[in-house]
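Student: Compute the structure for the input listed below.
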Amino acid sequence: MAETKITDLHGRKRDTRGKKAAKALRAGGRVPAVLYHKSGDRDVESITLDFDENDINSLVSHRPTLIKVSWGDGKGDSLECILRDVQRHPVGRQPIHLDLLGITRGVKMDVTVPIQLTGTPVGVKDQGGILQQVMFEIPISCLPKDLPGQIEVDVAELEMGDSLHVEDITLENIELEEDPERTVATVVVPRLVFEAEEEEEEEVEEAGEGEEAGEGEAGEAEEPSGEGESDED
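Tutor: I've put the predicted structure just below:
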């Protein structure tokens with residue numbers, strides 16, 4: 001497996017906090033961020049930073065796996081990290097705050113990555129089914145150098161009614177921290193077809209009940225006739 005590429009991101013360390021300070025930064029074309037990291041056996045610490053909004057827009061659009069964040073003059077003040085969370089403006093959807101998580105080379109990390117389905121299932125292509133993705137992300141454990149941007153899952157061999165589970169995914173140097181029996185994707189019968197089959201079954205059942213009722217009525221109509229003949233005898 002090729003080592004994960006690292007993207008450089010340079011910012012400024014800031015001492016101000018709070019909504020007013022963050023609003024002022026955004027007005028000046030900067031995006032505030034917090035970088036959480038653990039140094040040795042100490043508790044997690046945080047560094048408050050801000051970045052050029054153009055750099056952040058580019059970063060978020062490409063969503064790199066690993067980021068080398070530097071600040072100040074860039075000499076010694078840097079940490080390798082991952083993008084843990086992006087807060088966006090509710091209307092414009094532009095990034096307004098970042099949470100970054102520092103990593104340590106050679107130490108496994110627990111993160112959640114997106115799942116990307118690949119291929120067209122046989123059950124969709126040849127049997128008219130619909131592919132339903134049940135899981136869209138999955139927690140994993142791996143070394144920083146093996147961290148993937150996403151987990152690609154091939155669903156091309158799924159037939160109608162088949163499901164793919166976590167236990168069916170095999171990855172090199174990556175542990176999946178999820179229930180092995182949990183469903184990732186499945187190929188199902190289209191709802192319209194299913195409903196049409198149900199309606200057809202109901203019609204057949206109703207027709208059958210109608211025939212039985214008709215036979216019963218005919219039988220009942222014959223019985224009085226027989227009783228009448230017996231009386232006349």
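
Student: When you work out contacts or count neighbours from here on, use the C-alpha atoms and nothing else.
Tutor: Fine.

Student: Touching, residue 166 and residue 179? I think so.
Tutor: Yes. Counting by CA atoms under 8 Å, residue 179 is a contact partner of residue 166 at 7.0 Å.

Student: Could you check which of the two is surrounded by more residues?
Tutor: Each of residue 166 and residue 179 has its neighbours counted (other CA atoms under 10 Å); residue 166 has more, 19 against 10.

Student: I'd like to know how far that one sits from residue 71.
Tutor: According to CA to CA, to the nearest Å, residue 166 stands 40 Å off from residue 71.

Student: can you check residue 99 too?
Tutor: Applying CA to CA to residue 99 and residue 71 gives a distance of 16 Å.

Student: do the same with residue 37
Tutor: 15 Å.

Student: Secondary structure class of residue 34, three-state.
Tutor: Going by DSSP: H, G, I helix; E, B strand; the rest coil, the secondary structure assigned to residue 34 is strand.

Student: Is it correct that it is in contact with residue 99?
Tutor: Yes. Contact criterion CA under 8 Å: residue 34 and residue 99 qualify, at 5.2 Å.

Student: check contacts around residue 113.
Tutor: 137-140, 148-151 (CA atoms under 8 Å, 6 or more residues apart in numbering).

Student: can we see that at 7 Å?
Tutor: Counting by CA atoms under 7 Å, 6 or more residues apart in numbering, residue 113 touches 137-139, 149-151.

Student: try residue 14
Tutor: 48-50.

Student: Centre-most residue in this structure?
Tutor: Nearest to the mean C-alpha position of the chain, by CA atoms, centre = their mean, lies residue 136 at 1.3 Å.

Student: Look at residue 192 and report its pLDDT.
Tutor: pLDDT, residue 192: 55.

Student: what is the mean pLDDT for stretch 13-32?
Tutor: On average, stretch 13-32 scores 89.

Student: no wait, stretch 85-100
Tutor: Stretch 85-100 shows a mean pLDDT of 92.

Student: Could you list the buried residues of that stretch?
Tutor: 94-100 (16 or more other CA atoms under 10 Å).
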